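Participant: give me a 3D structure for the following:
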Amino acid sequence: MRIYAHLTQSQRYQISALKQMGHSQIEIANLLRVHKSTVSRELKRNTGGNGYQPRQAHRKALCRRKGKVSPRIPTSTWILVEKYLKEDWSPEQISGWLNLNKDIRISHESIYQYALTQN
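Facilitator: Here you go, the predicted model:
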């Protein structure tokens, strides 16, 4: 069984070379030990007027991945945390109050770490 993983830059160059040599998508997938749909999606997503460009494909993949990263704890929650820290509440008190009154789950450890980075 194959485990999902992002394609590496090296694999993208291998896809390009194997494609130029005339290998099918299934052959390329087998040689790279990835699922055939991974190769199919990669080529469909990144083939343009100049064909498949592995360097550009890798750059685009990194940008897509970077664009999807979102903070686990929203800014609005940190604003509330700051408000109560300024009122001398302990991180344990803030965590408990947010959980009970706002249905926001944030650990007191996260609040401690946040407070350390703000000073």
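
Participant: can you give me the helices in this protein?
Facilitator: Along the chain, counting by DSSP state H, helices occupy 9-20, 25-32, 36-46, 54-67, 75-86, 91-97, 108-118.

Participant: centre of the chain to the fourth one, how far?
Facilitator: Translated: helix 54-67. 12 Å (C-alpha atoms, centre = their mean, to the nearest Å).

Participant: what angle do helix 36-46 and it make with each other?
Facilitator: When axes from the mean of the first three to the mean of the last three C-alpha atoms, to 10 degrees is applied, the directions of helix 54-67 and helix 36-46 differ by 100 degrees.

Participant: mind listing what's buried along helix 54-67?
Facilitator: 54, 57-58, 61 (16 or more other C-beta atoms under 10 Å). Where C-beta positions appear, they are placed from N, C-alpha and C, glycine not excepted.

Participant: return the item of these having minimum pLDDT.
Facilitator: For these, the weakest pLDDT value sits at Ala61, with 89.

Participant: excluding chain neighbours, what is closest to Gln14?
Facilitator: Among residues not flanking Gln14 along the chain, Leu32 sits closest, at 6.1 Å (C-beta to C-beta, 6 or more residues apart in numbering).

Participant: just Ala29 next, same as before
Facilitator: For Ala29, the spatially nearest residue (C-beta to C-beta, 6+ apart) is Lys36, at 4.1 Å.

Participant: domains in the protein, by residue range?
Facilitator: With domains defined by automatic domain parsing, the chain comprises 9-67, 75-118.

Participant: quick check: end-to-end length of the shortest one?
Facilitator: End-to-end span of domain 75-118 (C-alpha to C-alpha, to the nearest Å): 14 Å.

Participant: over to stretch 58-74?
Facilitator: 29 Å.

Participant: can you list contacts of that stretch?
Facilitator: Applying C-beta atoms under 8 Å, 6 or more residues apart in numbering, the contact partners of stretch 58-74 are 6-7, 9, 12, 45-46, 106, 110.

Participant: one more time with 10 Å, if that's ok
Facilitator: 6-13, 42, 45-46, 53, 77-78, 80-81, 104-107, 110-111, 114 (C-beta atoms under 10 Å, 6 or more residues apart in numbering).
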